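Enquirer: Sharing a model that was predicted from the sequence below.
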Amino acid sequence: MKKENIIEKGVVAIKGITAMIPVLGGTLTSVWSDIEAIQAKRKHERLEEFYLALETEVQKIKEQINESYVNQPDFLDVFEQTAKHIVNERREEKRVLFRNILLNSIIAKGCSYDKTEKYLRILEQMNGLELLILRVLQNPSKFNRQNGEKIKDPNAPTPGYRNMITHTRTYFFIDMLGELLNASKEDIAESIYYLESNRLIADNASLSKLQTNGHPIHALEDKLTPKGKDFISFILCC
């Protein structure tokens, strides 16, 4: 994309966002100028992508915007941090998640600037496996179904046969995650440590196990902390 086209679209997006959140007017232009001065095409394109998507998303939620939250100087700091995270992030998935944190913060009731900044920092340090583990733990059964039932129920009825005996077995949290995500125990354990240290999942989740004659996927249930559930609600689309 030619630089002239990027600038033209970016300016249009700035005007649209400012019309809905006037306090952002000068900050949008300032961040744009800072990135333009770097003369890094990929960073400018990421910022343009952010502004265009932000304009569209804000339009959808404009009636829900918490005016007291967005009209304070601290909000400008939060916005600048979000923009910088996005222009420096090469993975598109995480750029979207950074944007989602900002969007959800401006419609949340009682959201503090400290909380938004904390969630931005946590996300910045997270790798793809850690994000994937959170998605699994949000709804293990659903994730398993959507990924072809990688973890199967050994006691599930077999068509044409009468199942007379059910077997009770012990399933380990780490083993189930590794099987579901096709990841090594070492990588899983390292990611779990980060998630536990940020209190997104329950303490000692990696050591947990479940003895059941039900589906093995239940070994992954109820492992998110209240903070973990809230964090996921912020990184998902508002």
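Expert: On my side now, so go ahead. Numbering: from 1, shown residues only.
Enquirer: Quick check: the closest residue to residue 215 other than its chain neighbours vs residue 93, distance?
Expert: Spatially, and ignoring its direct neighbours in sequence, residue 215 is nearest to residue 153 (4.4 Å; Cβ to Cβ, 6 or more residues apart in numbering). To be clear about C-beta, it is placed using only N, CA and C from the backbone, and glycine gets the same treatment. Applying Cβ to Cβ, to the nearest Å, the value for residue 153 to residue 93 is 31 Å.
Enquirer: low pLDDT regions in the chain?
Expert: Low-confidence segments of the chain (pLDDT under 70): 1-8, 37, 39, 157-165, 238.
Enquirer: Spell out, range by range, the helices that occur in it.
Expert: Using DSSP state H, the helices of the chain run over 3-20, 25-38, 41-61, 67-70, 73-87, 92-107, 113-125, 128-138, 140-146, 173-181, 185-197, 226-235.
Enquirer: what comes up buried for the third one?
Expert: This means helix 41-61. By 16 or more other Cβ atoms under 10 Å, the buried positions in helix 41-61 come out as 43-55, 57-58.
Enquirer: do you know which of the helices of the chain lies nearest residue 209?
Expert: With Cβ to Cβ, the closest approach to residue 209 among these belongs to helix 173-181: 6.5 Å.
Enquirer: who does that closest one touch, helix- and strand-wise?
Expert: Judged by 3 or more Cβ pairs under 8 Å, 6 or more residues apart in numbering; DSSP states H and E, helix 173-181 is in contact with helix 128-138, helix 140-146, helix 185-197.
Enquirer: returning to that earlier point: kindly indicate which of the buried residues of helix 41-61 lies nearest residue 26.
Expert: Relative to residue 26, the closest of these is residue 51; by Cβ to Cβ it sits at 14.4 Å.
Enquirer: Let me see the contact set for the nearest residue to residue 74 once chain neighbours are set aside.
Expert: If the residues on either side of it in the chain are set aside, residue 74 comes closest to residue 113, at 4.3 Å by Cβ to Cβ, 6+ apart. For residue 113, the contact set (Cβ atoms under 8 Å, 6 or more residues apart in numbering) comprises 72, 74-75, 77-78.
Enquirer: Domains in the protein, by residue range?
Expert: The record's domain split for the chain, according to automatic domain parsing, is 3-125, 128-235.
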